[in-house]
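Undergrad: build the 3D model from these lines:
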Amino acid sequence: MPQFDPANFISQLVWLAAIFVVLYFAIVRPTLPKVGKVIDERESRVAGDLDAAESAKGEADAIRARYDDGMAAARDAAQAEVAASQAEAARRSEARMAELAGVLDAKAVEAATRLAGARATARAALAATTTELTGAVVTRLTGLELSAADIDAALAAQNQDLAA
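TA: You can find the predicted model right below:
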């Protein structure tokens, strides 16, 4: 193989250097600044994008903080309104209960009055019936005619003895 012949090494090295220099100056020199410029542009774009992302994150955090504050304020306002509504409902309920209690108390007093009247009427009717029956029984058993006042006095005395 002629490439491995030591006599050809120097000419091969010369050609290698010549081709390297031609390729270097023909391809690498013109394209290297372009590649460097692209890399620099890319770095600056990435840095700009990172700055924009940081700025957007800061704005998003600020918006989120305002949103959270707004939600907390709205929640507090809603809870206050609910508490006020509950207090108002409790106040109305208390007022209605007091009104109904007054109506029921009045009806209870009226019913107690009617009941006392009915009792008095029933006692009077019972007393009259008792007096009449007692007079009839005494007349039948003994043949004596007693007045209603005498029978009432005797029954009153009997009731006092039983009560004592």
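Undergrad: so Leu144: helix, strand or coil?
TA: Following DSSP: H, G, I helix; E, B strand; the rest coil, the label given to Leu144 is coil.
Undergrad: give me the distance from whichever strand or helix holds Arg114 to the chain's centre.
TA: Assessed by DSSP states H and E, Arg114 sits inside helix 29-142. Helix 29-142 has its C-alpha centroid displaced from the chain centroid by 8 Å (Cα atoms, centre = their mean, to the nearest Å).
Undergrad: can you tell me which helices and strands that helix packs against?
TA: Counting contacts by 3 or more Cβ pairs under 8 Å, 6 or more residues apart in numbering; DSSP states H and E, helix 29-142 packs against helix 148-163. C-beta: built from backbone N, CA, C; applies to glycine.
Undergrad: which residues touch the helix it packs on?
TA: Contacting residues not belonging to helix 148-163 are listed as Ala127, Thr130, Thr131, Glu132, Thr134, Gly135, Val138 [Cβ atoms under 8 Å, 6 or more residues apart in numbering].
Undergrad: pLDDT of it, averaged?
TA: Helix 148-163 comes out with an average pLDDT of 82.
Undergrad: also stretch 94-107?
TA: Rounded mean pLDDT across stretch 94-107 is 94.
Undergrad: quick revisit: and the helix holding Arg114 with helix 148-163, angle?
TA: 130 degrees (axes from the mean of the first three to the mean of the last three Cα atoms, to 10 degrees).
Undergrad: shaky segments in this structure?
TA: 1-2, 164 (pLDDT under 70).
Undergrad: could you measure from Ala63 over to Trp15?
TA: For residue 63 the amino acid is Ile, not Ala. Using Cβ to Cβ, to the nearest Å, Ile63 is found at 68 Å from Trp15.
Undergrad: same check on Val103?
TA: As for Val103, its distance to Trp15 is 124 Å (criterion: Cβ to Cβ).
Undergrad: before we move on, back to that, now the buried members of the contacts of helix 148-163.
TA: Neighbour-count burial (16 or more other Cβ atoms under 10 Å) is assigned, among the contacts of helix 148-163, to Thr131, Thr134, Gly135, Val138.
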